[in-house]
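Peer 1: dropping a prediction and its sequence here:
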Amino acid sequence: MPECYPPAVRRNTRLLWAACAVLLLGSDFRGCGGGAPEGAPLDAGRPLPVRTGPCLVDGDCASEDMCVLLVCRAGRCVEEGPPFDTDGDRVAPPPCGDDCDDRNASTFPGAAETCNGIDDDCDGVVDEGAPGARAFDGPRLDLARLVALPSGWAFVGLSAEGDLVAQVVAASGELREPSVVATAMELGDVVDVAAHGSGRQVLVILARGPAGPPLRLVLDLVGESLVATGRPTEVGEAGAERVAVTLFGGSEWVAWDTTSQRFLLRSSDASTRTLDRGDGFTRPTLATDGANLAVADGDRVVRFYGADGGEVAAQEMSGPFAASPLASGEGVVYVAYRDAFDHLIAQVSTTTVGSGVTAPSGSREDDVTLARTEEHVLFLRADAREARATLLSLDLRAFVASFLRTQITPHEGTPRRVTTATSGMGLSAIGTAFAGQTGLGVLRCRD
């Protein structure tokens with residue numbers, strides 16, 4: 001036993017040292033001498049355990065590397081997490097790691113960037129790509145739809161005089177001068193408006209109820225205004241009360257509800273399919289999986305059609321559809337439907353129906369719209385008090401961000417309709433339509 005220990009300690013600890021000798025066998029024992037030699041480490045007078053060698057307690061596992069935390073597990077020294085991780089996110093601050101804020105467990109390299117004025121992922125850039133929303137007043141229009149344009153959006157709806165008006169909105173939220181694209185005298189009574197933006201053109205379909213067949217109108221973007229390329233023309237049959245339109249496979253597809261039936265028209269061959277309107281809760285809704293067009297048929301069935309117009313498949317959901325249940329995807333469509341308690345969202349293809357993911361909290365009776373941005377699925381919920389929006393990942397496994405009514409629309413109450421559109425700049429927006437008023441929520445963190 002080293003002579004540096006006092007005699008009393010040597011007498012009382014001989015048995016303990018005999019036991020420790022077995023554990024310390026093979027260790028780098030530097031002795032206790034009379035202090036460390038000049039230039040030697042401060043711990044040169046203490047034994048250093050082999051890094052993965054035997055141990056009794058954590059103190060036997062002092063690491064030679066300040067950035068490695070060793071603990072004693074089953075008699076051996078093993079690494080366990082970073083040594084200076086104050087916030088518990090398992091990432092150490094410099095010099096042992098790249099955690100830029102060791103007081104915040106949600107801030108570390110690889111963390112999701114959120115719209116909070118903080119560099120969440122520690123890459124030196126604040127809020128890049130973070131989902132956020134900026135609310136703006138929209139034009140004073142009724143039955144308005146939001147459509148995408150190359151550098152912004154446009155609202156298409158009815159003025160107080162019954163004229164069809166298109167008003168461009170810049171990416172900054174600034175409203176351009178409105179354009180009257182058709183007068184009330186040309187249109188007659190209009191009960192619903194549908195629109196689809198594609199490049200520098202907007203296709204508009206107007207439902208007129210018993211007054212006559214739906215009307216079709218094409219608008220061209222000229223400067224900062226939308227201009228009609230001709231007079232409205234009739235499509236389909238009289239009695240349309242609610243209408244939807246999209247472009248797919250080189251054809252215009254128009255769906256509309258009458259009092260008792262739902263119809264689907266393919267423009268390229270003027271073929272019409274008769275569908276089930278169901279209980280009337282679900283609006284006519286169109287979406288695409290990239291290879292097929294999907295339409296809500298009745299209360300539960302998603303029906304798929306190929307680009308050639310032929311029916312490909314039909315899938316039945318386990319519960320009734322939400323109000324606007326379909327959103328486009330890649331290889332799938334997203335479907336919102338109801339169970340006994342609330343709404344669920346599922347990925348549906350021509351061959352399978354995925355498991356439903358419970359939507360963010362609310363009521364089964366809420367008015368729900370499902371839509372798609374470039375990188376997320378957008379779930380919109382409205383009740384008698386407010387509208388709320390939630391972004392989900394495309395695989396539906398994660399909730400990315402939530403927005404309150406004040407973040408997506410500056411107006412009180414329940415919107416009569418909610419639409420989304422992604423501009424050519426990659427910015428998505430939510431358009432809310434009230435009686436004679438609209439709101440715009442741009443999904444962008446900051447200017």
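Peer 2: It's in. Numbering: from 1, shown residues only.

Peer 1: can you report how many residues lie near the closest residue to Gly298 other than its chain neighbours?
Peer 2: Nearest-residue entry for Gly298: Asp276, 3.4 Å, with adjacent residues in sequence omitted and distances by C-beta to C-beta, 6 or more residues apart in numbering. Just so you know, the C-beta spots here come from the backbone N, C-alpha and C atoms, and that holds for glycine as well. Number of residues near Asp276 (other C-beta atoms under 10 Å) recorded here: 15.

Peer 1: from Leu326, how far out is Asp276?
Peer 2: Between Asp276 and Leu326 the computed distance is 15 Å (C-beta to C-beta, to the nearest Å).

Peer 1: just to revisit the earlier point, for the residue nearest to Gly298, list each beta-bridge partner.
Peer 2: Following DSSP bridges, Asp276 is listed with bridge partners Gln261.

Peer 1: try Val357
Peer 2: Each beta-bridge partner of Val357 is listed here, defined by DSSP bridges: Ile345.

Peer 1: let me know whether it touches Ala346 as I believe.
Peer 2: Yes. A contact is recorded between Val357 and Ala346 when judged using C-beta atoms under 8 Å, the distance being 7.0 Å.

Peer 1: what do those two both touch?
Peer 2: Shared contacts of Val357 and Ala346, defined by C-beta atoms under 8 Å, 6 or more residues apart in numbering, are found at Leu396.

Peer 1: more crowded one of the two?
Peer 2: The residue with more neighbours, out of Val357 and Ala346, is Ala346; 22 against 18, by other C-beta under 10 Å.

Peer 1: how far away is the more buried one from Arg208?
Peer 2: Here the distance between Ala346 and Arg208 works out to 35 Å (C-beta to C-beta).

Peer 1: same question for Thr422.
Peer 2: Per C-beta to C-beta, Thr422 is found 30 Å from Arg208.

Peer 1: looking at those two, which one has more neighbours?
Peer 2: More crowded of Thr422 and Arg208, by other C-beta under 10 Å: Arg208, with 21 against 18.

Peer 1: which residues touch the more buried one?
Peer 2: For Arg208, the residues meeting the contact criterion (C-beta under 8 Å, 6+ apart) are 187-191, 214-215, 238, 240.

Peer 1: so which pair among those residues is furthest apart in space?
Peer 2: Distance extremes for those: the farthest pair is Leu187 and Ala238 at 14.4 Å, using C-beta to C-beta.

Peer 1: for the contacts of Arg208, pick the one with the most neighbours.
Peer 2: Of those, Ala240 is surrounded by the most neighbours, 29 neighbours in total, counting by other C-beta under 10 Å.

Peer 1: that one contacts Pro213, correct?
Peer 2: Yes. The criterion here is C-beta under 8 Å, and Ala240 meets it with Pro213 at 7.0 Å.

Peer 1: what separates the helix or strand hosting Thr272 from the chain centre, distance-wise?
Peer 2: Counting by DSSP states H and E, the secondary-structure element that holds Thr272 is strand 271-276. Counting by C-alpha atoms, centre = their mean, to the nearest Å, strand 271-276 is centred 33 Å from the centre of its parent chain.

Peer 1: how about the contacts made by the nearest residue to Asp279 once chain neighbours are set aside?
Peer 2: Distance criterion C-beta to C-beta, 6+ apart; nearest residue to Asp279, sequence neighbours excluded, is Asp299 at 5.8 Å. Under the criterion of C-beta under 8 Å, 6+ apart, the contact list for Asp299 reads 276, 278-279, 281-282, 320-321.
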